[in-house]
Structure formats: C-alpha cells, structure tokens
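> Pasted the sequence and its predicted model underneath.
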Amino acid sequence: MGRLFGTDGARGIANAQLTCELATNIGRAAAFVLTEKTTEKPKVLIGKDTRVSSNMLEMALAAGLCSVGADVVLVGFVPTPAIAFLVNDRQADAGIMISASHNPCEYNGIKIFDGNGYKLPDSLEEKIEALVLDDMSPIEFPTGGEVGSVFMRYDYVDLYIDHLVKSVNADLSGLKIAIDCANGCASYTAEKLFKRLGAQVYMMHDSPNGININHHCGSTNMEDLIDYVNGHDVDLGLAFDGDSDRCLAVDENGKLIDGDRMIAVFALDLKAKGKLNDNTAVVTVMTNLGFKHFAKANDINVLETKVGDRYVLEEMVKNDYVIGGEQSGHIIFKNFATTGDGQLSGAMLASVLASTGKPASEIASVMTVLPQTMVNIKASNELKSKLGTDEDIIKAIKDVEKALGESGRILVRASGTEPLIRVMLEGENIAEIKRLAKQVAKVIEDKA
C-alpha cells in the first residue's frame with residue numbers, strides 16, 4: 001500500500017484527512033502524470049457520490065486540474081463504473097470519481113482512471129504520490145488562455161445507462177425486483193435501468209440527503225432488503241453500495257447471494273454458452289473455499305489475486321479472462337466494463353433468472369458456502385506493519401493453520417481502504433473457527 005493511495009484510491013475522513021488542499025494537489029499531480037504526452041489541452045471527467053463532502057472536494061479537484069491547464073467536465077452524481085465507461089466513450093484523458101464507496105458519510109475518497117477507463121497501476125499512483133507528498137516543483141502553472149475551464153454535462157449519465165441496457169441485452173419482463181440503492185449513486189440510475197429492461201421494481205433507500213449514504217442500508221447492511229423480500233412477493237433483491245460498484249443479492253426466500261455465489265452463477269452460465277474463456281474465473285484470496293469446490297466439480301479453473309478488483313482486472317486483462325470479482329460484490333464482466341459494476345452485475349443475474357425460468361434460490365445453489373467468520377480489528381498503520389514481522393502474530397497464525405489442517409484456512413490482512421486488520425477463518429465447524437479467530441485477534445490487539 002502506498003502512502004496516499006490504498007487498494008481503491010486515496011481515502012480518509014473528509015476535511016480532516018482528505019482536505020481540500022490535498023484534493024487540489026492530487027488533481028494537479030494527476031493531470032501532470034496522466035497527460036505528460038498530451039499536446040492538446042487535456043480533458044478530465046469528474047463524477048461524485050452523494051455524500052455531503054463530495055461537492056466540496058469536486059470544487060477543489062476542479063481547481064487543481066484547471067490550474068495546470070486541464071479542462072474539467074463535471075458529470076454529477078454517477079456510479080464509479082460510469083466514470084470508467086465515460087472517460088473512454090467521451091475520449092477524455094482521465095477520469096476522477098469522488099467516493100468512499102461503502103464507507104460512512106464522514107469518509108470520502110478519490111479514485112483515478114486513465115484514458116482507457118482503467119484504475120491506475122501502482123507505478124502511476126506512486127508518481128502522483130511523490131509529487132503530492134514530496135515535491136510539486138516539476139508542475140508548471142499556465143496563465144491567460146492556457147488555464148483550464150469547467151464544463152457541466154449531467155446528461156452523460158444517460159449514455160452510461162444506454163451502455164448497460166445494450167450490455168445486458170435481456171428482457172426482464174415479469175420479474176419483480178426489490179432494489180436497495182444505499183442512498184447513493186444508484187438512486188439516480190437503477191430504477192431507470194431496470195425499468196428499461198422490463199422489470200417491475202420496488203425501490204428502497206433511494207433518497208440521498210448527503211449524510212444517509214450507506215447508513216443501515218445497501219450491500220454492507222442487507223437486513224432491510226432481506227426483510228422486504230421476506231414480506232413481499234418478489235423474485236430477487238439487489239443491493240448496491242454508495243458508488244454502485246458492488247452488488248449483493250437476495251433470493252426469493254430472503255437468503256443472501258454473495259459475490260462468490262454470483263460469480264459462480266455467471267461462470268457456469270458463460271461456460272454453458274461457450275463464452276468462458278479458458279474455462280477460468282478470477283477471484284481473490286478472500287473467496288470462500290466453497291467456490292473452489294464448485295469450480296472443481298464443474299471443470300472451471302480458478303485464478304486467485306490479491307484483494308481489490310483492480311488486481312482481479314489486471315489478471316483478466318493479461319490473459320483475456322471474461323469474469324472475475326470479489327466476495328464483497330465487486331464483479332467484473334471484462335467484455336463490458338473496466339471495473340466492478342454493481343448494476344451491471346445485478347442486471348446480469350436477473351437475466352439468468354429470465355433466460356432459465358428458474359428461481360434465484362435454485363440458480364444460486366450451484367455453490368455451497370463454507371462457514372466463514374471475520375473479526376475486524378481497529379489498527380494504525382504501525383500495527384498493520386507488524387503483521388508480517390511480529391513473531392507472536394506469526395506463531396498465532398501458524399498454530400491456527402495447524403489446527404484447521406485441510407478442512408479450513410485462515411487469512412489475516414490489513415485493509416487497504418479502512419483502518420482495520422481483518423482476521424478471516426473458514427472451516428466446517430462455525431463455533432471452532434469463531435473461537436480461533438478471536439484467539440488470533442487477541443494476539444494482534446495486544447500489539448497495539
């Protein structure tokens with residue numbers, strides 16, 4: 001992890017850690033690094049999520065970009081994957097999304113996409129970090145007519161919705177779908193998308209007020225959606241996070257369908273259609289062991305990466321794999337998107353229901369989830385750095401690995417987006433893995 005960028009952009013508490021000054025300098029540095037070889041005035045798109053600080057940071061970023069001669073196009077409240085699509089579709093030089101994704105409203109973040117709609121590789125992020133944190137002197141500040149301008153194109157979001165409709169290419173008529181928008185960006189797009197595909201929709205948490213984004217709703221808080229599905233006659237429930245790059249689902253019986261199960265459904269569907277390139281799905285080290293059992297039973301190859309959809313995408317692009325993602329609901333359809341897209345994933349899942357005529361519970365049963373437990377530990381960067389070096393922590397992890405043997409696993413990792421260390425265990429006995437997870441967490445906590 002870099003000094004400024006984590007696994008999904010620069011992130012922190014808005015106006016405290018992620019200040020206007022920092023946002024301005026990130027804009028300047030990003031424009032400089034990403035447009036070094038551009039001879040014409042560069043164009044950068046900026047989108048934002050619905051949290052109250054997004055407007056403030058949007059202005060700061062725009063000022064920084066204009067100060068180094070870049071023109072800025074503000075596209076308003078749009079999902080993160082909309083920026084990834086639009087930056088290429090509108091032939092911009094770069095795109096910036098202001099969002100802290102699934103985090104509470106006090107947080108915000110800055111995600112940067114290159115001119116092809118891809119999240120930046122570590123090498124480019126490190127160049128931006130070096131300028132922002134060490135030395136801004138290489139950046140020249142133009143004057144007169146060379147200063148950048150700001151334009152507003154709030155209609156661009158409709159181009160993104162058109163793209164999703166064409167990508168899904170399905171008739172969802174007859175399907176009843178409950179949709180939880182997390183009071184985030186999907187509030188402006190999901191109803192229009194699913195109605196255009198023919199579904200009957202029941203909207204939830206689609207009234208953002210700046211502070212209710214992700215608050216007891218969305219893909220990180222599934223209880224409201226589960227309750228709604230249990231109390232109503234619907235075929236499927238879909239929940240997005242604040243910037244709509246994640247999607248989790250609920251079947252007609254109110255049972256959770258997580259990202260791992262969704263990827264299993266998609267991989268099997270693509271294989272049946274002869275479209276699963278090299279019979280391979282790309283997942284991360286956090287993916288449930290049950291996915292590997294599913295893949296083995298269905299002759300599907302599994303490629304694992306580090307946590308983060310950017311790393312999943314890198315492997316997909318490298319070998320032309322078509323499906324990949326994370327348990328959290330970041331799912332990438334490489335033929336249609338350059339990043340995780342929650343609404344695309346949700347609509348694709350609904351299309352499988354529509355094409356097969358099977359209920360969501362039956363479709364999701366292709367994979368059995370192994371019991372899993374997670375303990376989150378509040379952690380400073382100093383504590384995070386001890387994970388691979390502290391002898392007591394290393395011994396505690398090895399002791400658990402020995403206790404689990406072949407029937408389970410432990411994964412301890414520092415979050416790249418939050419001040420947390422995550423202790424995850426999987427195994428056949430839920431009581432045992434909970435006990436072992438707390439045991440390891442206690443050793444780590446004692447090192448704080």
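Okay, I see it. Fair warning: this is a prediction, and the values are worked out from it, not measured in the lab.

> pLDDT weak spots in this protein?
1-2, 7, 37-39 (pLDDT under 70).

> quick check: domain ranges of it?
5-154, 158-364, 372-445 (automatic domain parsing).

> mind giving me JSON lines with those domains and columns for mean neighbour count?
For the C-beta atoms, the positions are set from N, CA and C on the backbone; glycine is no exception. Putting the domains of the chain into JSON lines (neighbours: other CB atoms under 10 Å) gives the following:
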{"stretch": "domain 5-154", "mean neighbour count": "20"}
{"stretch": "domain 158-364", "mean neighbour count": "21"}
{"stretch": "domain 372-445", "mean neighbour count": "17"}
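
> Specify the local secondary structure of T373.
At T373 the chain is in strand, as set by DSSP: H, G, I helix; E, B strand; the rest coil.

> ditto for the one 4 residues further on
Following three-state DSSP, I377 is assigned to strand.

> in which helix or strand would I find the closest residue to it other than its chain neighbours?
Residue nearest to I377 in three dimensions, not counting chain neighbours: I421, with 4.5 Å by CB to CB, 6 or more residues apart in numbering. If you go by DSSP states H and E, I421 is part of strand 420-426.

> which helices and strands sit right next to that strand?
If you count contacts as 3 or more CB pairs under 8 Å, 6 or more residues apart in numbering; DSSP states H and E, strand 420-426 packs onto strand 372-378, strand 409-414, helix 430-445.

> so which of those comes closest to G218?
strand 372-378 (17.7 Å; CB to CB).

> neighbouring strands for that closest one, and are they parallel or not?
Strand pairing for strand 372-378, determined by DSSP bridges: strand 420-426 (antiparallel).

> what's in contact with the strand it pairs with?
Contact with strand 420-426 is made by 286, 288-289, 370-379, 383-384, 387, 400, 404, 408-415, 433-434, 436-437, 440-441, 444, as judged by CB atoms under 8 Å, 6 or more residues apart in numbering.

> and the angle for the strand holding I421 with strand 409-414?
On the basis of axes from the mean of the first three to the mean of the last three CA atoms, to 10 degrees, strand 420-426 is oriented at 170 degrees to strand 409-414.

> ok now strand 420-426, how far from the chain's centre?
Strand 420-426 has its C-alpha centroid displaced from the chain centroid by 19 Å (CA atoms, centre = their mean, to the nearest Å).

> can you check stretch 232-250 too?
14 Å.

> what about that stretch, start to end distance?
Counting by CA to CA, to the nearest Å, you get 13 Å between the two ends of stretch 232-250.

> next one: stretch 362-377
Where stretch 362-377 begins and where it ends lie 36 Å apart, using CA to CA.

> nearest residue to V282 other than its sequence neighbours?
G324 (3.1 Å).

> The one you found falls within a strand, correct?
Yes - assessed by three-state DSSP, G324 belongs to a strand.

> hang on, it packs against H330?
No - using CB atoms under 8 Å, G324 makes no contact with H330, being 9.1 Å away.

> intersection of neighbour lists for those two?
By CB under 8 Å, 6+ apart, the residues touching both G324 and H330 are V312.

> which ones are touching L436?
L436 touches V400, A403, L404, I410, L425, counting by CB under 8 Å, 6+ apart.

> Quick check: the last one vs V375, distance?
The one in question is L425. 9 Å (CB to CB, to the nearest Å).

> what do you get for the fourth one?
Counting by CB to CB, the gap from I410 to V375 is 11 Å.

> do the same with the third one
Between L404 and V375 the computed distance is 15 Å (CB to CB).

> sorry, back to before: indicate which one of the helices and strands packed on strand 420-426 is closest to E140.
strand 409-414 (37.4 Å).

> Quick check: which element contains I13?
strand 9-13.

> After that strand, which helix or strand is next? Please name it.
helix 20-34.

> Pull that following helix out as PDB, backbone CA atoms only.
This file holds the C-alpha atoms of helix 20-34, laid out as PDB (Å, rounded to 0.1, in the frame of the first residue of the first chain):
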ATOM      1  CA  CYS A  20      -9.400  20.500   0.000                       C
ATOM      2  CA  GLU A  21      -5.700  21.300  -0.200                       C
ATOM      3  CA  LEU A  22      -4.900  17.700  -0.600                       C
ATOM      4  CA  ALA A  23      -7.600  17.200  -3.300                       C
ATOM      5  CA  THR A  24      -6.400  20.200  -5.200                       C
ATOM      6  CA  ASN A  25      -2.800  18.900  -5.200                       C
ATOM      7  CA  ILE A  26      -4.000  15.400  -6.200                       C
ATOM      8  CA  GLY A  27      -5.800  17.000  -9.200                       C
ATOM      9  CA  ARG A  28      -2.700  18.900 -10.200                       C
ATOM     10  CA  ALA A  29      -0.400  15.900  -9.900                       C
ATOM     11  CA  ALA A  30      -2.800  13.500 -11.600                       C
ATOM     12  CA  ALA A  31      -3.200  15.900 -14.600                       C
ATOM     13  CA  PHE A  32       0.600  16.200 -14.800                       C
ATOM     14  CA  VAL A  33       1.300  12.500 -14.700                       C
ATOM     15  CA  LEU A  34      -1.500  11.300 -16.900                       C
END
